[in-house]
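**Q** Pasted the sequence and its predicted model underneath.
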Amino acid sequence: MSSSRRQQAQADAGLDFQKEDRQREQTLAQEQERQEQKQAKRDKLMQTTSYRMMEATAKYMDQYFLDPIIGFFVPGIGDVLNSALGLPFIYFALVYVRSIPLALAVTVNVLVDALLGAIPFYIGDIVDIFNKAYKKNLRLIVGYINDDKDIINEVNGKAVWFCVLIVILCLLIYWVVGLVIDMWDWMASLF
C-alpha cells in the first residue's frame with residue numbers, strides 16, 4: 001500500500017518514473033533504428049558502381065601516379081581526360097549524397113587538378129604528382145557518407161567560397177590554355 005501511495009504522490013508531483021523510463025527506452029530504440037538505417041544506407045552507397053569506380057580512379061590515378069604520367073605522355077589531351085575522370089565524383093556528390101556544397105568542393109579539386117596539369121613544359125605534370133585531387137575528393141565523399149562532422153562543417157562553411165573559386169579557376173584555366181596555344185603557334189612559326 002505504501003508503494004502505491006508513493007507512486008500516486010510521485011505522479012501527483014509530476015514524477016512518473018515509469019513513464020519517463022518508457023519514453024527513454026522508446027527514444028533509445030528510435031535512435032538505434034536510425035543508426036541502423038544510416039549504416040544500411042552507407043553500405044548501399046559504398047556498393048554502388050559509381051563508388052567503386054571512384055575508389056579505383058583514386059587508387060590508380062593518385063597512388064600509381066597515372067594522372068601525371070598520362071599528362072606527361074599525352075599533353076593537353078591527357079589533362080582533359082584526367083579532368084573527365086573527376087566527373088563521377090561530382091555526379092556521386094550530386095545524385096547519391098545530394099549535397100551541393102560537396103559537389104562544389106569536389107569541382108574545385110577537379111579544376112585545381114586541371115589547372116595544374118595545364119601548366120606547360122611538364123612543370124604541371126611534376127606538380128600533379130603531389131596534388132592528389134582524386135584522393136581528396138574521395139575523402140570528402142566518404143566523410144559525408146560517414147557523417148564526419150568536421151568534413152561536413154568545413155565543406156558547408158566554404159560553399160560560397162567554392163563558387164567564387166570555381167569562377168576564378170575557370171578563368172585561370174582559360175588563360176593558361178590560351179597561353180599554351182599561343183606558345184604552340186609561336187613555336188610552330190619558328191620552324
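**A** That came through, no problem.

**Q** Every contact and neighbour count from this point should use C-alpha atoms.
**A** OK.

**Q** Low-confidence ranges, this protein, go.
**A** 1-3, 6-17 (pLDDT under 70).

**Q** Please repeat the previous calculation with a cut-off of 80.
**A** The model of the chain has pLDDT under 80 over residues 1-20, 76, 121, 191.

**Q** Determine the longest helix present in it.
**A** Secondary structure of the chain per DSSP state H: the longest helix is helix 159-190.

**Q** Please name every helix or strand in contact with it.
**A** Packing contacts for helix 159-190, counted by 3 or more Cα pairs under 8 Å, 6 or more residues apart in numbering; DSSP states H and E, involve helix 100-118.

**Q** And for the following helix or strand past the helix it packs on, what's in contact with it?
**A** Using DSSP states H and E, the helix or strand that follows helix 100-118 in sequence is helix 123-130. Contact with helix 123-130 is made by Asp62, Phe65, Asp67, Pro68, Ile69, Gly71, Phe72, Asp113, Leu116, Gly117, Ala118, Ile119, as judged by Cα atoms under 8 Å, 6 or more residues apart in numbering.

**Q** burial count for the residue nearest to the first one when sequence neighbours are not counted?
**A** Nearest residue to Asp62, sequence neighbours excluded (Cα to Cα, 6 or more residues apart in numbering): Lys132, at 5.5 Å. Other residues within reach of Lys132 by the criterion other Cα atoms under 10 Å amount to 19.

**Q** next one: phi and psi at Lys132?
**A** Backbone geometry at Lys132, expressed as degrees, to the nearest 10, gives phi -100, psi 70.

**Q** any idea how far it lies from Val180?
**A** 23 Å (Cα to Cα, to the nearest Å).

**Q** Name the helix or strand for Asp147, please.
**A** Using DSSP H and E, Asp147 falls outside every helix and strand.

**Q** quick one, phi psi at it?
**A** Dihedral angles (degrees, to the nearest 10) for Asp147: phi 60, psi 40.

**Q** number of nearby residues for it?
**A** 13.

**Q** How many neighbouring residues does Phe58 have?
**A** Check again: residue 58 is Ala, not Phe. 26.

**Q** does it sit in a helix, a strand or a coil?
**A** Of the three states, Ala58 takes helix according to DSSP: H, G, I helix; E, B strand; the rest coil.

**Q** Pull the contacting residues for it.
**A** Going by Cα under 8 Å, 6+ apart, Ala58 touches Tyr134, Lys135, Leu138.

**Q** in the longest helix of the chain, what counts as buried?
**A** Ala159, Phe162, Cys163, Leu165, Ile166, Leu169, Cys170, Ile173, Val176, Val177, Val180 (16 or more other Cα atoms under 10 Å).
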